[in-house]
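[1] Output the structure for:
(2 chains)
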Amino acid sequence: DIQMTQSPSTLSASVGDRVTITCRASQSISNWLAWYQQKPGKAPKLLIYKASSLESGVPSRFSGSGSGTEFTLTISSLQPDDFATYYCQHYNSFPVTFGGGTKVEIK
Amino acid sequence: EVQLVESGGGLVQPGRSLRLTCTGSGFTFGDYAVSWVRQAPGKGLEWVGLIRSRLYGGTIEYAASVKGRFIISRDDSKSIACLQMNSLKTEDTAMYYCIRGLTIPGAKYWFDPWGQGTVVTVSS
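    Here you go, the predicted model:
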């Protein structure tokens, strides 16, 4: 199985900060990677697919990049609504697996 | 609006069975794969399984942790998918989400949207 490792596990930031979350795959997954946002008590929401494709309706301050084994999710200017937990997920093959999550907290 | 709604969760004893149902609306249910993902209390996301659309054979994939115990099925005429959970263990306790699977033809699946989830608690 392909392992997905996210870093950091927790991130403290202020409104307006540029935030970067990293996701590493244990083997190459090309660009078959998605990012999800989850707020407390809510279901996850798709932000990015195919590593860098922005899902419709997602604010443009979110962006994704990378290929192979290393990927990043960037929030260009953190907004109050962005405090949440973020997960990466590979879908190169079955079983698909998720990273452990990155919690973005208010500094 | 595309929507998925799960039902059937509850409290069940170890070793018993439970059946979850996922009802889709706002899209042509039969044209899409359906996946199940679970989240144990305070933990991350764990993929459970996926059933492809009839276009791609309706074949099913399972996580190793549930293979042989869980069965995924679908009835496109009713826009539902089911997760039959047998021989339940305490470690199966989680929120279970049903999700539409989006694909680049039949091989790669990402997930959107997610249902609101249904809680399964396995305890004596």
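[2] what does chain B put close to chain A?
    For chain B, the contact set with chain A under Cβ under 8 Å from any Cβ of the partner chain comprises B:37, B:44-47, B:50, B:61, B:63-64, B:97, B:102, B:104, B:108-117. No exception for glycine: its C-beta is placed from N, CA and C like everyone else's.
[3] confidence score at residue B:17?
    Confidence at residue B:17, expressed as pLDDT, is 98.
[4] Residue B:108 now?
    At residue B:108, pLDDT is 88.
[5] Pairing partners for it in the sheet, please.
    When bridges are called by DSSP bridges, residue B:108 pairs up with residue B:104.
[6] That one reaches residue A:92, doesn't it?
    Yes. Counting by Cβ atoms under 8 Å, residue B:108 touches residue A:92, with 7.1 Å between them.
[7] what about the two, which has more around it?
    Between residue B:108 and residue A:92, counted using other Cβ atoms under 10 Å in any protein chain shown, the more crowded position is residue B:108 (20 against 17).
[8] quick one, what contacts the more buried one?
    By Cβ atoms under 8 Å, 6 or more residues apart in numbering or on different chains, the contact list for residue B:108 reads A:32, A:91-92.
[9] Please produce a markdown table containing these, extended by secondary structure.
    Formatted as a markdown table, the contacts of residue B:108 follow (DSSP: H, G, I helix; E, B strand; the rest coil):
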| residue | secondary structure |
| --- | --- |
| A:32 | coil |
| A:91 | coil |
| A:92 | coil |
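[10] which of those residues come close to chain B?
    A:32, A:91-92.
[11] Turn those residues into TSV, columns for distance to residue A:50.
    Shown next, in TSV, are the ones next to chain B among the contacts of residue B:108 (distance: Cβ to Cβ, whole Å):
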residue	distance to residue A:50
A:32	7
A:91	9
A:92	11
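[12] ok so residue B:91 is a helix residue?
    Yes. Under three-state DSSP, residue B:91 sits within a helix.
[13] since we're on it, how many residues are nearby?
    For residue B:91, using other Cβ under 10 Å, the count is 10.
[14] Residues of chain A that sit close to chain B?
    A:1, A:32, A:34, A:36, A:43-46, A:49-50, A:55, A:87, A:89, A:91-92, A:94-101.
[15] Could I get the contacting residues of residue A:29?
    The neighbours of residue A:29, taking Cβ under 8 Å, 6+ apart as the test, are A:2, A:68-69, A:90-92.
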